[in-house]
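Enquirer: build me a model:
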Amino acid sequence: MNWFLNKPWKLTMLLLSLIVVLAGCGKSGGGEIVSGKLNVVTSFYPIYEFATAIGGEDVNVINLLPAGVEPHDWTPRSKDIMNTSKAQLFLYNGAGLEGWVPNFLKGIGSDASVKAVEVSQGVELIYTDEDDGHNHGGGEESEAHEEEHDDHHIDPHTWVSPKSAKVIAENIKNSYVEADPDHGDNYEARYEELSKKLDELDNKFESELSKTQKNEIVVSHQAFGYLCRDYGLTQYAIMGLSPEAEPRAQDIVALSKIVKEKGIKYIFFEELVSDKLAKTLAGEAGVETLVLNPVEGLTSAQEKAGDNYFTLMEKNLQNLILALQ
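Expert: Reported below is the predicted structural model:
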């Protein structure tokens, strides 16, 4: 301690480093309400990244989902409910991803002023007869979807396509401008920067994937419907919309046959989900495995490496180009 007192600049540097470490924790889940700023709570990583990029210094963004956690599995804690009740905005994907949202919003209470925004609104949703595996908790929203579309389930993985991600980003920007019009010009300017980056990524996907010889991929879970729809690909999934959905033995056999017949060379798996089934199928079919990331969250290693939506999507594109040669 005397050493620090004799060299006060060392103590200052230590304190500054601690502040930087603590300030970076929002990406991993958690955080605190900050007075004097627009406080925004996001349900999981991609929304957090876009919300932070558009909000800049004018907002305080708290992400609920910790690093390395798959959003299909997660449930909120009492602290999450408390923080959200004090925020101005709660941004969630919707489309059936966060089955906990209806009860979460009930837990916040009617006296809270937070506005909940379903940021996937406006995306042309994909419906499938695959079981989504999500626990909807009997929410009114999910019941309405089920009545309207009978036995069909919504594919919630909207953000995986840069085209849909742009719709999500615009919804975030609009919610900011409405909640905090004094900083509206700042939000518009930052959104334009993000929108330009998403357009560039979209153009790169279109250009590169139009050159590939093949257009069929085998993935661990059915998370790439929007990516496939927007860029002319077809996905065969080992599991359904939820990574917890267990495939049957005959499904593995049928997929192995497809892999061999169509000359597919790689089975894609995800970092946040066990690769056991992907490797089983790859071994059965005599092919290799590659990562295709649905960008549902960052691993601790990716977080430390400074990865983000754009770096992960660039890696996805490179792996798709390799697999589709």
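
Enquirer: thought K260 was touching A285?
Expert: Yes. Under the criterion of C-beta atoms under 8 Å, K260 makes contact with A285 at 5.8 Å. The way it works is simple: take the backbone N, C-alpha and C, and place the C-beta from them, glycine included.

Enquirer: neighbour count for those two, which is higher?
Expert: Neighbours per residue (other C-beta atoms under 10 Å) separate K260 from A285, with A285 holding more: 19 against 13.

Enquirer: now the strands for the protein?
Expert: 38-42, 59-63, 89-92, 115-118, 126-128, 153-155, 216-221, 234-239, 266-269, 288-291 (DSSP state E).

Enquirer: could I get the third one in CSV with only the CA atoms?
Expert: Provided in CSV are the C-alpha atoms of strand 89-92 (Å, rounded to 0.1, in the frame of the first residue of the first chain):
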residue,chain,number,x,y,z
LEU,A,89,-36.6,0.7,-23.2
PHE,A,90,-36.6,-3.1,-23.2
LEU,A,91,-35.5,-4.5,-26.7
TYR,A,92,-36.2,-8.1,-27.5
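
Enquirer: re the thing from before, can you add mean neighbour count and distance to S300 and give the strands of the chain back as JSON lines?
Expert: Shown next, in JSON lines, are those (neighbours: other C-beta atoms under 10 Å; distance: least, C-beta to C-beta, whole Å):
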{"stretch": "strand 38-42", "mean neighbour count": "25", "distance to S300": "19"}
{"stretch": "strand 59-63", "mean neighbour count": "24", "distance to S300": "14"}
{"stretch": "strand 89-92", "mean neighbour count": "25", "distance to S300": "24"}
{"stretch": "strand 115-118", "mean neighbour count": "17", "distance to S300": "29"}
{"stretch": "strand 126-128", "mean neighbour count": "17", "distance to S300": "31"}
{"stretch": "strand 153-155", "mean neighbour count": "23", "distance to S300": "28"}
{"stretch": "strand 216-221", "mean neighbour count": "24", "distance to S300": "20"}
{"stretch": "strand 234-239", "mean neighbour count": "19", "distance to S300": "24"}
{"stretch": "strand 266-269", "mean neighbour count": "26", "distance to S300": "18"}
{"stretch": "strand 288-291", "mean neighbour count": "16", "distance to S300": "16"}
